[in-house]
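Engineer: Fold the following for me, if possible:
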Amino acid sequence: MISGKFAITLHILTLLSKAPEDFLSSDYIAGSMNMNPVLVRKEIANLKKNHIVESKEGKNGGTRLLKPAAEITLNDIFKMTFETVTFGYSKNEPNPECLVGKQINQNLGNLYDDINQKISKQLSEISLLNFADTF
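Structural biologist: Below you'll find the model as predicted:
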C-alpha cells in the first residue's frame, strides 16, 4: 500500500545531500520534517542497512551520505522503502464462478506490475542530486 515512507526517506536524503560533508543530527532532520526524532532514526536505520548513509554517535554525531547524491537514483530510494506499489485487493475472496470475480485479482496484478515498471523507469532517470537541485 502507499504510505509516506518514500517522502520521509527522500526528505532525509535531500537534507543530507545539501550538507554532504556534515553529520546531521536526527533532531535537526526531525525539526525539518516536524516529526519525532525516533521516527527519523528508524528510517536512518533502514538507510544504513542499505549502505546509503553512515552515522556517528556522540556530541558531534549524526548521519551523512556514504556516496554522492549523483550516484543515488530516486528508484534506489523507492526500492528501499517499498517492494512495489499496490492499491490493494478485495479483502473478500471473489466468486470464482463470476466472469469478473474469477479474473479480477490476476488483472489487478497485471495492472500493478505495469504501474511499477513505469514508476521504476521514471524514478531511475532522476538522481538525488537532480531532485535536491530543485530546492
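Engineer: In the chain, which helix is the longest?
Structural biologist: Using DSSP state H, we find that the single longest helix of the chain is helix 104-124.
Engineer: Tell me the helix or strand right after it.
Structural biologist: helix 128-132 (DSSP states H and E).
Engineer: Give the rounded mean pLDDT of that next one.
Structural biologist: Across helix 128-132, pLDDT averages out at 97.
Engineer: Flag the shaky bits of the chain, pLDDT-wise.
Structural biologist: 1-3, 83 (pLDDT under 70).
Engineer: which residues of it fall in strands?
Structural biologist: For the chain, the strands defined by DSSP state E occupy 53-56, 62-65.
Engineer: centre of the chain versus stretch 105-112, how much separation?
Structural biologist: Its chain's average C-alpha position is 23 Å from that of stretch 105-112, according to Cα atoms, centre = their mean, to the nearest Å.
Engineer: CA atoms only: put that stretch into CSV for me.
Structural biologist: In CSV, the C-alpha atoms belonging to stretch 105-112 read as follows (Å, rounded to 0.1, in the frame of the first residue of the first chain):
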residue,chain,number,x,y,z
ASN,A,105,-7.0,-10.4,-8.9
GLN,A,106,-5.0,-11.5,-11.9
ASN,A,107,-5.9,-8.5,-13.9
LEU,A,108,-5.2,-6.2,-10.9
GLY,A,109,-1.8,-7.9,-10.5
ASN,A,110,-1.0,-7.2,-14.2
LEU,A,111,-2.1,-3.6,-13.8
TYR,A,112,0.1,-3.1,-10.7
